[in-house]
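Undergrad: Sequence plus predicted model, see below.
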Amino acid sequence: VTLSPPVATLGMLQAELLSWTDEAIAKPFFVRLLNHNDAFLVLTNVELNELLAAGEEGGRLQLLFEDARARCLSFGLGKEAMKRPVHVSHLYLQIIHFPDNRLEDGSV
């Protein structure tokens, strides 16, 4: 028997997935990724720029990216956070299409 989480928990998770950036066009990226079931994913220029900025040092997703690389999950904030190993299932994407145009700063 599988029990689903409470509706409030699902709403809280969806709010977190939508609040990673202030850029309206990029906000739904993680919800789109969550529901993605194709082998081909297209990133918009805005999504790519926002993901890169959020993953940089001090960015909103820096700790999430670090946790993903270490295959762990942080519980708590700052130096008080406890790291717990997790088994992360991989997305089975075969192709990720990045925008042709350069990033806002002119880099690739």
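TA: The structure has been received and is ready for your questions.

Undergrad: tell me, what residue is most central in the chain?
TA: Taking Cα atoms, centre = their mean as the criterion, residue 30 is the residue nearest the geometric centre of the chain, at 5.5 Å.

Undergrad: lowest confidence element among the helices and strands of this protein?
TA: Among the helices and strands of the chain, strand 72-75 carries the lowest confidence by mean pLDDT, DSSP states H and E, at a mean of 79.

Undergrad: what does whatever helix or strand comes next after that one rub up against?
TA: Counting by DSSP states H and E, the next helix or strand C-terminal to strand 72-75 is strand 82-85. Counting by Cβ atoms under 8 Å, 6 or more residues apart in numbering, the neighbours of strand 82-85 from elsewhere in the structure are 67, 70, 71, 72, 73, 74, 75, 76. To be clear about C-beta, it is placed using only N, CA and C from the backbone, and glycine gets the same treatment.

Undergrad: average model confidence for strand 82-85?
TA: Averaging the model's pLDDT scores along strand 82-85 yields 82.

Undergrad: hang on, the earlier thing: now the least confident helix or strand of the chain, how far from the chain's geometric center?
TA: The offset between the C-alpha centroid of strand 72-75 and the centroid of the whole chain comes to 15 Å, using Cα atoms, centre = their mean, to the nearest Å.

Undergrad: Now do it: which elements does it pack against?
TA: helix 62-70, strand 82-85 (3 or more Cβ pairs under 8 Å, 6 or more residues apart in numbering; DSSP states H and E).
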